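[1] Fold the following, please.
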Amino acid sequence: MKWSEIRDQYPERWVLVEALKAESSNNKRTIYEMSVISDFENSTEAWKGYKELHLKNRTRELYIFHTSKVDIDVEEQNFMGVKRRSYQ
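    Numbering: from 1, shown residues only. This next block holds a predicted model:
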């Protein structure tokens, strides 16, 4: 689905989506096609749904958006990671 179709079908909702067709350019992710996995009344529930799915399969490209947004803006960030040290 396109974002405009999702907005029409799920007005004023939080949606958990999976990107099906997307590309990156200049640290921006453009999502052309996506699939709605779930919709929610509030962001807390949406994040719970995201975490559940992400723990099961970290390779899926998942996002949470609110359908009040006319356009979606996804900025890519490089993950630096955290190194844990153990002191004894």
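
[2] what packs against the longest helix belonging to the chain?
    The longest helix of the chain (DSSP state H) is helix 43-56. Here helix 43-56 touches strand 14-25, strand 28-40, strand 62-66, going by 3 or more Cβ pairs under 8 Å, 6 or more residues apart in numbering; DSSP states H and E. No exception for glycine: its C-beta is placed from N, CA and C like everyone else's.

[3] Can you point out the helix or strand that includes residue 6?
    helix 3-9 (DSSP states H and E).

[4] got a list of contacts for that helix?
    1, 15, 17, 31, 34, 36, 65, 67, 69-72 (Cβ atoms under 8 Å, 6 or more residues apart in numbering).

[5] so what's the residue nearest to the spatial centre of the chain bridging to?
    Geometric centre of the chain, nearest residue: residue 63, 0.5 Å, by Cα atoms, centre = their mean. Beta-bridge pairing of residue 63 under DSSP bridges involves residue 17.

[6] so where's the protein shaky on pLDDT?
    Scanning the chain for pLDDT under 70 picks out the ranges 79-88.

[7] which residue sits closest to residue 29 in space, ignoring its chain neighbours?
    The shortest distance from residue 29 to any non-neighbouring residue, by Cβ to Cβ, 6 or more residues apart in numbering, is to residue 74 (3.9 Å).

[8] my read: that neighbour touches residue 31, true?
    Yes - Residue 74 lies in contact with residue 31 (Cβ atoms under 8 Å); the separation is 6.7 Å.

[9] ok so, going back, quick one, what contacts the residue nearest to residue 29?
    28-31, 63.

[10] hmm, try it at 7 Å
    By Cβ atoms under 7 Å, 6 or more residues apart in numbering, residue 74 lies in contact with 28-29, 31, 63.

[11] which of those tops the neighbour count?
    residue 31 (19 neighbours; other Cβ atoms under 10 Å).

[12] For beta bridges, what are the partners of it?
    Following DSSP bridges, residue 31 is listed with bridge partners residue 22.
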